[in-house]
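A.B. asks: Here is a sequence with its predicted model. Questions after.
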Amino acid sequence: MDLAASFVHLPPVLFLDEPTEGLDPRSRAGIWDLLDRLRRDLGVTVVLSTHFMEEGDRLCDRIAIIDRGSTVVEGAPAALKARVGAGAMLEDVYLHYTGRKLEATTPAVA
């Protein structure tokens, strides 16, 4: 509901914090299509934060990777991937510029 309410008045700039967190793949794709239409057809600037690299790659013209509170790299997704190497994905960009491996999450054991 919060997401729908933010679209109602068609703001020139829309700030979204992890808009697809917790959504199933079909709902996520629907939100992505809606955000694409807002940008393309209505000229809305969308600023979003996300932990989903695929989402950033699909939706963003520019990306800033933030690690431990600091921006470590920013630029167009294609340019960032090209700087890392042929066939690189945004996950590879993250790993390259943070110098750390992706951390596995395991449930806490009581």
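C.D. replies: Great, that's in hand. Numbering: from 1, shown residues only.
A.B. asks: tell me which element residue 15 falls in.
C.D. replies: strand 13-17 (DSSP states H and E).
A.B. asks: Can you name every helix or strand that that strand contacts?
C.D. replies: helix 2-8, strand 45-49 (3 or more C-beta pairs under 8 Å, 6 or more residues apart in numbering; DSSP states H and E). C-beta here means a position set from N, CA and C on the backbone, and glycine is covered the same way.
A.B. asks: does the residue nearest the centre of the chain belong to a helix or a strand, and which?
C.D. replies: Central residue of the chain (C-alpha atoms, centre = their mean): residue 56, 2.9 Å from the mean position. In this assignment (DSSP H and E), residue 56 forms part of helix 53-59.
A.B. asks: helix or strand right after that helix?
C.D. replies: By DSSP H and E, the next helix or strand past helix 53-59 is strand 63-67.
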